[in-house]
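Asker: missing the sequence, but the structure's below:
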């Protein structure tokens, strides 16, 4: 019903003379709401509809959400994983790279082309499997946002992984190991030595703290590996010497940091100032170039550990246990490095009990 003077209650035109009409009303909680409708006749009907819905308790306004920033989604995912007790190994580095690339942007604006360019940039300095780990983390963050209704499913970009060859085994020869250690900065040599003699993943090494090393029992505790399960590793004499050589200088550095007020950390392999060692790439790739090592990744130090065990005659079951592989197929890639064991298996047919089977060729 129009007011005196021809003005409808709850209706107004904006901009004046545009023919675009809005409605203004208060919901059951007394909150003022406005809606852009269109023509005046339609606006009048919408206004009466809303008033009826409010009186009958059928008015459920759509909550308008602010566009989600990628930084917020990343932090929410990380906190959710922390509460679940499922910290992602090497996630500090992965999260840092994601924030560096997509931080400050609206998550819904990250397009498939943006992901493709990031994948190509990563592939210039990383192995395909490592690139895929970063892509997997990005996918997990965005899908978590969809589940929590912070992002629409229609806004998810296409995230295609690179093809990998997990059966390829690259390991260091004795001469290559010598050249690599000589080319590395002194502060990283012990990290590589421990990697070769324990088979620990880079993330496991970088997240290793001193309370996880027991020099009395000679073991290292990996609290959570890639599979989500922990394991205990025996220290070889070389790994023990390397860790002991690292412990005292780091204790002195930590005491100096505490006295200076800069704080200190318990990381075994820490940054020069005692914090988490975020990035090895610069020193690592320079060392590879000086050592003239081609097609070699940090993860291949882990392959070196397993390959040397197999070539020394250690059975695959024990190698699987030390590597923390959940599936035997992951360990079978090293089987070809132990041809003497395959030959020994075949020669069992020549044992005395097998003579009746070979009588025809005698």
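Answerer: Nice, I can see it. This is a predicted model, so every value here is computed, not measured.
Asker: mind checking how far the closest residue to residue 157 other than its chain neighbours is from residue 158?
Answerer: With C-beta to C-beta, 6 or more residues apart in numbering as the criterion, residue 157 has its nearest non-adjacent residue at 4.4 Å, and that residue is residue 112. Yep, even glycine has a C-beta here, placed from its N, CA and C like the rest. Using C-beta to C-beta, to the nearest Å, one gets 4 Å for the distance from residue 112 to residue 158.
Asker: returning to that earlier point: show me the contacts for the residue nearest to residue 157.
Answerer: 157, 158, 159 (C-beta atoms under 8 Å, 6 or more residues apart in numbering).
Asker: helix/strand/coil for the residue lying closest to residue 281 once chain neighbours are set aside?
Answerer: Distances taken as C-beta to C-beta, 6+ apart place residue 125 nearest to residue 281, at 6.2 Å, with adjacent residues excluded. Following DSSP: H, G, I helix; E, B strand; the rest coil, residue 125 is assigned to coil.
Asker: with the one 5 residues further on instead?
Answerer: Here residue 130 is recorded as helix under three-state DSSP.
Asker: now residue 232
Answerer: Under three-state DSSP, the three-state class of residue 232 is strand.
Asker: for residue 43, grab the count of nearby residues.
Answerer: Residues lying near residue 43 (other C-beta atoms under 10 Å) number 22.
Asker: and it, what helix or strand is that in?
Answerer: Secondary structure assignment for residue 43, by DSSP states H and E: helix 40-55.
Asker: downstream neighbour of that helix in the secondary structure list?
Answerer: helix 70-84.
Asker: re the thing from before, can you tell me which helices and strands the helix holding residue 43 packs against?
Answerer: Under the contact definition 3 or more C-beta pairs under 8 Å, 6 or more residues apart in numbering; DSSP states H and E, helix 40-55 sits against strand 11-13, strand 21-26, strand 32-38.
Asker: could you check the angle that helix makes with strand 32-38?
Answerer: Angle of helix 40-55 versus strand 32-38, following axes from the mean of the first three to the mean of the last three C-alpha atoms, to 10 degrees, is 150 degrees.
Asker: before we move on, back to that, out of the helices and strands packed on helix 40-55, which one sits most buried?
Answerer: strand 21-26 (a mean of 18; mean count of other C-beta atoms under 10 Å).
Asker: what's that one in contact with?
Answerer: Taking C-beta under 8 Å, 6+ apart as the rule, strand 21-26 contacts 10-14, 32-40, 42-43, 46-47, 50-51, 54.
Asker: partner strands of it and their direction?
Answerer: Sheet pairing of strand 21-26 (DSSP bridges) gives strand 11-13 (antiparallel), strand 32-38 (antiparallel).
Asker: now distance to residue 232 and mean pLDDT too, for those strands, in JSON lines please.
Answerer: As requested, these are exported to JSON lines (distance: least, C-beta to C-beta, whole Å; pLDDT from 0 to 100):
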{"stretch": "strand 11-13", "distance to residue 232": "73", "mean pLDDT": "91"}
{"stretch": "strand 32-38", "distance to residue 232": "62", "mean pLDDT": "88"}
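Asker: pipe those strands into JSON lines and attach distance to residue 233 per row.
Answerer: Shown next, in JSON lines, are those (distance: least, C-beta to C-beta, whole Å):
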{"stretch": "strand 11-13", "distance to residue 233": "73"}
{"stretch": "strand 32-38", "distance to residue 233": "63"}
